[in-house]
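Asks: Sharing a sequence plus its predicted fold:
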Amino acid sequence: MNSLSNGRLAQILDKLHQDAEAADRDYMTGIMADIEASGATLEQVIAEKLVEERADYRGIYRSRADNFLAVSSAYGGFLYAIARACRATRIVEFGTSMGISTIYLAAALRDNGGGHLIGTELESAKVARARANLDAAGLADLADIREGDALETLKDIGGDVDLLLIDGAFTLYLPVLKLLEPRLKPGAVVLGENAFDPGYLDYVRNPANHYVSQPLPVDEGRGNEFTVRTA
């Protein structure tokens, strides 16, 4: 048995994934309609999004306060599995949203024998919902969800990191990684979900920066990148 097989937790995750799909349906449909109408490629659309984010990432994400923008159940299962495989006891998550990914990671910590997860989220309403969801799942004691800009909330994380999940504003992937680099243990796993920023990908795929990195074949098309710190 593992925590994900627990009836209560499985039910909570199933309900949250349903809620996420309902909350994000119109937003995702609108994006696809815009792509089709413009005739632009996905790469061109992403490039435009990156430009918009660099101008005002706080404003953009505050406009999406009601959207989950959550990981899929398949990716959530992978998060749990990789956290178990590397025997993580200290995890940092950039982009907590409503806490779905956080639940998968905290469940792994529980099954690893305990640990500590630091999450960060810009939107206060999402922070409240994430904390409530973790409490309902019986995992609140393992997680510290910090409210605010990750470049501020993650300045002091109080220890080294076994696993880092980067899943927030696209243009902050590289700044957040560089902020936390001194705390990444050799062998630490870095997971970039929606890792579309070319600067981030160039950085983690350059061995001179002490990483080994490659695309992850889970939810292909969502820009999932699997990276390991080598030194």
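Replies: Everything's here; your move.
Asks: Now tell me which helix or strand of the protein has the poorest mean pLDDT.
Replies: helix 42-62 (a mean of 87; mean pLDDT, DSSP states H and E).
Asks: Would you mind writing the CA trace of that helix as PDB?
Replies: What follows is helix 42-62, C-alpha atoms only, in PDB (Å, rounded to 0.1, in the frame of the first residue of the first chain):
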ATOM      1  CA  LEU A  42       2.400  26.600 -30.800                       C
ATOM      2  CA  GLU A  43       6.000  27.800 -30.700                       C
ATOM      3  CA  GLN A  44       5.000  31.200 -31.900                       C
ATOM      4  CA  VAL A  45       2.100  31.400 -29.400                       C
ATOM      5  CA  ILE A  46       4.500  30.500 -26.600                       C
ATOM      6  CA  ALA A  47       7.000  33.100 -27.700                       C
ATOM      7  CA  GLU A  48       4.300  35.800 -27.600                       C
ATOM      8  CA  LYS A  49       3.300  34.600 -24.100                       C
ATOM      9  CA  LEU A  50       6.900  34.900 -22.900                       C
ATOM     10  CA  VAL A  51       7.000  38.500 -24.100                       C
ATOM     11  CA  GLU A  52       3.700  39.300 -22.300                       C
ATOM     12  CA  GLU A  53       5.000  37.700 -19.100                       C
ATOM     13  CA  ARG A  54       8.200  39.600 -19.100                       C
ATOM     14  CA  ALA A  55       6.200  42.800 -19.300                       C
ATOM     15  CA  ASP A  56       3.900  42.000 -16.300                       C
ATOM     16  CA  TYR A  57       4.000  38.400 -15.000                       C
ATOM     17  CA  ARG A  58       2.200  39.400 -11.800                       C
ATOM     18  CA  GLY A  59      -0.700  40.900 -13.600                       C
ATOM     19  CA  ILE A  60      -1.000  38.000 -16.000                       C
ATOM     20  CA  TYR A  61      -1.100  35.400 -13.200                       C
ATOM     21  CA  ARG A  62      -3.500  37.500 -11.100                       C
END
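Asks: ok, residues contacting the following helix or strand past it?
Replies: The first helix or strand that comes after helix 42-62 along the chain, using DSSP states H and E, is helix 73-85. The contact list for helix 73-85 (Cβ atoms under 8 Å, 6 or more residues apart in numbering) reads 2-4, 13, 17, 71, 91, 100-101, 103-105, 107-109, 111-112, 162-163, 165, 189, 191, 193, 216, 218-219, 222, 224. Just so you know, the C-beta spots here come from the backbone N, C-alpha and C atoms, and that holds for glycine as well.
Asks: List the buried residues for helix 73-85?
Replies: Buried residues in helix 73-85, defined by neighbour count with 16 or more other Cβ atoms under 10 Å: S73, Y75, G76, F78, L79, Y80, I82, A83, R84.
Asks: Show me how far that helix is from its chain's centre.
Replies: Chain-centre distance of helix 73-85: 12 Å, with Cα atoms, centre = their mean, to the nearest Å.
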